[in-house]
Structure formats: structure tokens, C-alpha cells
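Colleague: Need the 3D shape of this:
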Amino acid sequence: MNASYIPKSLLAFALATGCTILPGTAPSACSEDSECEDFFGPGSACQVGGTCSDPTGTKSLQLGLLYVGPVGDHGWTKTHDEGRAYMLEQLDDVTAMFAPSVSATDAPTRIEEFVARGDNVIIATSFDFLVPIQAAALDHPDLQFLLVNGFQTGPNLGSYSGRMYQVMYQAGYLAGKMSQSGLVGVVGSVAIPEVVSHTNAFARGVQAANPEGRVMMRWVDAWFDPPTETAAANELVDAGCDVIMGQTDTTIPIETANMRSTSETPILTIGYDNADSCSFAPETCMTSAYWSWGPVLTDILRRMQNGSWDPTEYIWTPMLPDPAESVVYLSPISDSLVPSAIRIEVEGLVDDLSTNTPEGRMFPFRGGVLDSMGMRRFGAGEYPSDHDLLTMCWFVDGVLNTDGTPAQVPNGCPGEY
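Modeller: Predicted structure coming up:
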């Protein structure tokens with residue numbers, strides 16, 4: 001709401017209650033929806049924190065996006081830039097610029113640059129930016145902020161993500177079916193609950209396909225570190241893994257494994273982040289677990305424009321049956337590498353995984369779960385909660401170090417969001 005066009009009734013409310021009306025914000029001190037509807041009309045609501053939503057929304061949006069890596073990483077950051085392009089095609093009166101390769105240390109400075117430029121929506125595309133974006137949201141209550149994979153919200157801070165662990169289960173099932181050695185390697189990025197839960201779902205998929213299958217984990221401790229990613233992939237191959245999947249923000253792990261594959265010792269790979277990851281290792285890449293941010297980002301921004309956005313409810317979308325709408329999905333499985341019977345079996349898992357019920361959302365963890373040290377985490381018929389997944393700092397049974405010992409999540413895993 002422009003300060004030049006404040007209704008007289010709203011001014012009377014401000015004088016009576018002593019609240020301050022700021023440009024672009026709703027009055028404070030509301031306690032029920034009816035108070036907001038009196039001043040903003042039908043559709044306004046009293047939000048958490050005692051502020052009214054404005055049903056007229058913010059029609060013109062100027063976005064600033066923080067990227068954790070370079071757009072040319074062909075991984076995580078590229079997926080967000082593709083989402084930015086998709087959103088710009090779908091929405092009117094929206095502009096968007098980005099800052100690439102931003103560290104958590106540099107994030108506050110980049111955010112203030114966005115603010116100074118006049119951006120009214122600032123999007124942080126990595127968990128690394130959690131603390132800077134929370135601080136900025138408090139410092140700038142008249143602006144809107146979004147955080148990807150942060151699972152923290154506030155009066156002007158929203159969060160969105162997709163349930164990638166569902167797709168990782170599907171990818172793990174494929175790996176378990178196709179591995180000849182029964183050893184599947186994962187190049188891990190950073191030890192946070194999101195990455196741990198993805199690895200656990202992947203391992204559960206491997207073991208659902210092959211009860212004797214095991215997953216070997218080799219951490220890189222970075223999202224983007226090509227030399228270390230190369231060394232990690234080679235170490236997993238040397239340990240006997242004949243299927244390699246990377247969880248970093250590049251295609252380096254599958255490219256490295258691809259170069260190690262021979263006719264005598266074939267190695268298969270599974271990509272991550274992008275639907276086209278297999279183009280970097282076409283001889284060995286079976287599929288890729290990928291993110292598609294365009295639809296969910298477009299929906300959020302459209303709701304900002306029409307005034308229906310509720311920042312206090314984080315968005316964690318399950319896999320959807322239609323890949324054009326789903327935030328997470330598995331790219332088409334290679335028909336030259338994977339027999340049709342296995343392809344059909346893996347693709348058939350979508351029916352169970354995309355059922356938006358507790359059973360569908362937690363399908364990868366059904367049937368009871370032991371951790372890597374033999375402790376029972378969930379009994380038969382029990383399912384983890386969202387909170388369990390968001391605080392998951394332990395590995396399921398069957399996740400190993402490269403020396404064959406049971407793996408444990410490194411110290412420092414932030415056990416809660």
C-alpha cells in the first residue's frame with residue numbers, strides 16, 4: 001500500500017491504536033481477521049505476529065537472487081537460474097537479477113546491495129544463507145524474503161523446497177537393480193540433515209532392490225570443489241563401487257566415474273540436480289535426480305502479487321505425477337543401459353511415491369528402520385515425521401565408509417532447523 005493512498009478509516013485506526021503505518025506494510029496490533037477486513041477489505045487476514053495481509057498484493061516485483069555457485073556449475077545453481085528464466089516467462093511486471101558464487105560471509109553485503117537497488121523480494125537459494133537471510137528479514141520488515149531449503153519462516157520470510165528424498169529412493173532402487181558388485185558409491189557434499197536424508201532414502205532404495213546391497217559414502221565437505229569431487233569418485237571406484245552418484249553441485253563425480261568405466265569393469269552413473277546431467281557422461285549415465293524450481297517459484301510470486309501469499313507456512317512439495325509440475329523428478333531412464341523390465345519397475349514407483357499421504361510422502365522409510373549402528377529408529381508401521389527428516393543426522397543400516405566400516409554422520413551436522 002502506497003503511503004499516499006492510505007484510507008481515512010485506516011488513518012483513524014492508526015490514531016486510535018497508536019500503531020505506525022509504513023509504506024508497503026499493513027497496520028500492526030491486529031488480533032483477528034475482522035479487524036484487517038475492515039481496512040483492507042475481504043481476503044485480508046491477521047497473520048502470525050499481529051500484522052494484516054494486504055489482499056491487493058504487490059503487483060510489481062523486483063527480485064534479487066543469491067546464488068551459492070556459478071551458473072555454469074551445471075548443477076544446483078543452474079537449476080535456480082532455469083527457474084528464474086521460467087518465472088520471468090510466466091509472470092508480468094517482474095524483473096530479476098542475481099549474484100553468483102556468494103559465500104555465507106559475503107551474503108549480508110550482497111543482500112544490502114539488492115536492497116539499495118530497490119529490490120522488494122530477495123531470494124536466497126541455499127541453506128548456507130539461513131542466518132544472513134533471517135537477519136535481513138528482521139532488518140527490512142517492509143521487504144519480502146525467500147529461502148530455499150531453509151525451513152524457517154517469519155512475517156516476511158518464506159521457505160520452499162521439494163521432497164527430493166522421494167526421488168533419491170527411486171534412483172537408489174535403480175542403482176540396486178543394476179549394480180553387479182552390490183556396492184553403490186555416493187559422493188556426498190555437505191553434512192546437513194537434507195543431504196543425510198537424501199542418502200538414507202537412496203540407500204533404502206538400493207536395499208529394496210537388493211537386500212544385500214550397500215552404499216559407500218565419501219564426503220567432499222563442499223557443494224562445489226571439483227578436485228576433491230574427482231578424488232572422491234575415484235576412491236569409491238577403487239573401493240569396488242560399480243554405480244556412482246554425486247550429490248555435489250557439479251557433474252564431476254559422474255564424469256570421473258565415466259572415464260574409469262571399461263568393457264571389463266563397467267561403471268554406471270546417476271546424475272543429480274539437472275535433468276540433462278547425463279549429457280556429460282552419456283556412455284554410463286542411467287538417469288538423473290533433478291530439481292525444477294520454475295513452477296513453485298512462479299506460484300509463490302503470483303501469490304505475492306495477488307496478496308494471498310502466507311510466508312509463515314513453509315512449502316515442501318512432494319513428488320507429483322506430472323514432471324512438468326513437480327519440483328523433483330527422475331529424468332527418463334536410458335533405454336540403452338537399462339533393460340525395459342527394470343525401467344518399468346523403477347518408473348512404476350512414482351505411483352506410490354507421489355501419493356500425497358503420510359504413506360506416500362514417507363514411502364522410502366516404510367517397514368521399520370535401523371541405523372548404521374544397529375539402533376532401531378522406527379518400528380514396522382511407523383513413519384518419520386517431517387521434523388525427523390529435518391533433524392536427521394544418522395545413517396540407515398547399510399551405509400558404509402570406503403573402508404567398509406559402518407558410516408556415521410560427521411560431527412557438526414546441524415541436528416535441527
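
Colleague: quick one: terminal-to-terminal distance for stretch 71-82?
Modeller: 9 Å (CA to CA, to the nearest Å).

Colleague: next one: stretch 397-414
Modeller: The first residue of stretch 397-414 is 21 Å away from its last residue (CA to CA).

Colleague: do the same with stretch 260-279
Modeller: End-to-end distance of stretch 260-279 (CA to CA): 17 Å.

Colleague: Just the buried residues of that stretch, please?
Modeller: Across stretch 260-279, burial judged by 16 or more other CB atoms under 10 Å covers 260-261, 267-275, 277-278. For every residue, glycine as well, the C-beta is placed using N, CA and C.

Colleague: mind listing the strands for the stretch 151-300 of the chain?
Modeller: Along the stretch 151-300 of the chain, counting by DSSP state E, counting those that start in this stretch, strands occupy 157-162, 183-188, 214-219, 243-246, 268-273, 285-291.

Colleague: do the stretch 1-150 of the chain as well
Modeller: Assigned by DSSP E, counting those that start in this stretch, the stretch 1-150 of the chain shows strands spanning 61-66, 94-99, 121-124, 144-148.

Colleague: Mean pLDDT and distance to residue 201 for those strands - can I get that in JSON lines?
Modeller: As requested, these are arranged in JSON lines below (pLDDT from 0 to 100; distance: least, CB to CB, whole Å):
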{"stretch": "strand 61-66", "mean pLDDT": "96", "distance to residue 201": "28"}
{"stretch": "strand 94-99", "mean pLDDT": "95", "distance to residue 201": "30"}
{"stretch": "strand 121-124", "mean pLDDT": "97", "distance to residue 201": "25"}
{"stretch": "strand 144-148", "mean pLDDT": "95", "distance to residue 201": "19"}
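
Colleague: could I get those as TSV with mean neighbour count and distance to residue 288?
Modeller: Shown next, in TSV, are the strands of the stretch 1-150 of the chain (neighbours: other CB atoms under 10 Å; distance: least, CB to CB, whole Å):
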stretch	mean neighbour count	distance to residue 288
strand 61-66	23	23
strand 94-99	17	23
strand 121-124	27	24
strand 144-148	26	19
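
Colleague: Now render these as CSV, adding distance to residue 86.
Modeller: Compiled in CSV, the strands of the stretch 1-150 of the chain are given as follows (distance: least, CB to CB, whole Å):
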stretch, distance to residue 86
strand 61-66, 13
strand 94-99, 11
strand 121-124, 14
strand 144-148, 15
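
Colleague: Residue 202: which of those is closest?
Modeller: strand 144-148 (20.7 Å; CB to CB).

Colleague: Any idea what the spatially most central residue of the chain is bridged to?
Modeller: Note on the chain: the residue nearest the mean C-alpha position is residue 161, at 4.2 Å, using CA atoms, centre = their mean. On the basis of DSSP bridges, residue 161 is bridged to residue 316.
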